[in-house]
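[1] Can you look at this prediction? I've put the sequence above it.
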Amino acid sequence: MGLKPGATLAEVRSKWKELARKYHPDHNPDDPLAESHFKDVQEAYRVLSDENQRKRYDQGATDQLWSEHQPVNHYF
């Protein structure tokens, strides 16, 4: 999501809202990647907004956290 390590929950939420609006499929009907990016943003927010999952993510346990699909871009 483009956040620095140690970002606060407020920063995570703000970035999530920004990116969710940017990639929302309803706002990008002609962009086939928009839905994929939107799902990545949703999954990243799910992980980063949960204290326990975020600790695991910070320790490198990403494979177990991305439940539905692998992120398209690793910065999410």
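    Looks like it came in fine. Residues are numbered from 1 along each chain as shown.
[2] I'd like to know which helix or strand in this protein has the lowest mean pLDDT.
    Using mean pLDDT, DSSP states H and E, the weakest-scoring helix or strand in the chain turns out to be helix 62-65, at a mean of 58.
[3] so the residue nearest the centre of the chain is in which element?
    What sits nearest the mean C-alpha location of the chain, by CA atoms, centre = their mean, is A44, with 2.4 Å. Assigned by DSSP states H and E, A44 belongs to helix 34-48.
[4] For that helix, name the packing helices and strands.
    On a contact count with 3 or more CB pairs under 8 Å, 6 or more residues apart in numbering; DSSP states H and E, helix 34-48 meets helix 9-23, helix 51-58. Backbone N, C-alpha and C define where each C-beta goes, glycine included.
[5] Quick check: pLDDT value at the residue located most distally from the centre of the chain.
    Centroid-distance maximum for the chain: D30 at 21.7 Å, with CA atoms, centre = their mean. Predicted confidence (pLDDT) for D30: 91.
[6] measure it to V41 for me?
    Taking CB to CB, to the nearest Å as the measure, D30 falls 19 Å from V41.
[7] and if you look at H27?
    Distance, H27 to V41, using CB to CB: 13 Å.
[8] mind listing what the closest residue in space to H37 that isn't next to it in sequence touches?
    Spatial nearest neighbour of H37, chain neighbours left out: Y23 (4.1 Å); criterion: CB to CB, 6 or more residues apart in numbering. Contacts here follow CB atoms under 8 Å, 6 or more residues apart in numbering; on that basis Y23 touches 34-35, 37-38, 41.
[9] Repeat that for L48.
    L48 sits next to 1, 3, 7, 12, 16, 54, 57 when contact means CB under 8 Å, 6+ apart.
[10] can you tell me how far the closest residue to F38 other than its chain neighbours sits from P5?
    Nearest residue to F38, sequence neighbours excluded (CB to CB, 6+ apart): Y23, at 4.2 Å. Y23 sits 23 Å away from P5, going by CB to CB.
[11] Check H24 too.
    According to CB to CB, H24 stands 27 Å off from P5.
[12] For the two, indicate the residue with more neighbours.
    Between H24 and P5, H24 has the larger neighbour count (other CB atoms under 10 Å), namely 14 against 5.
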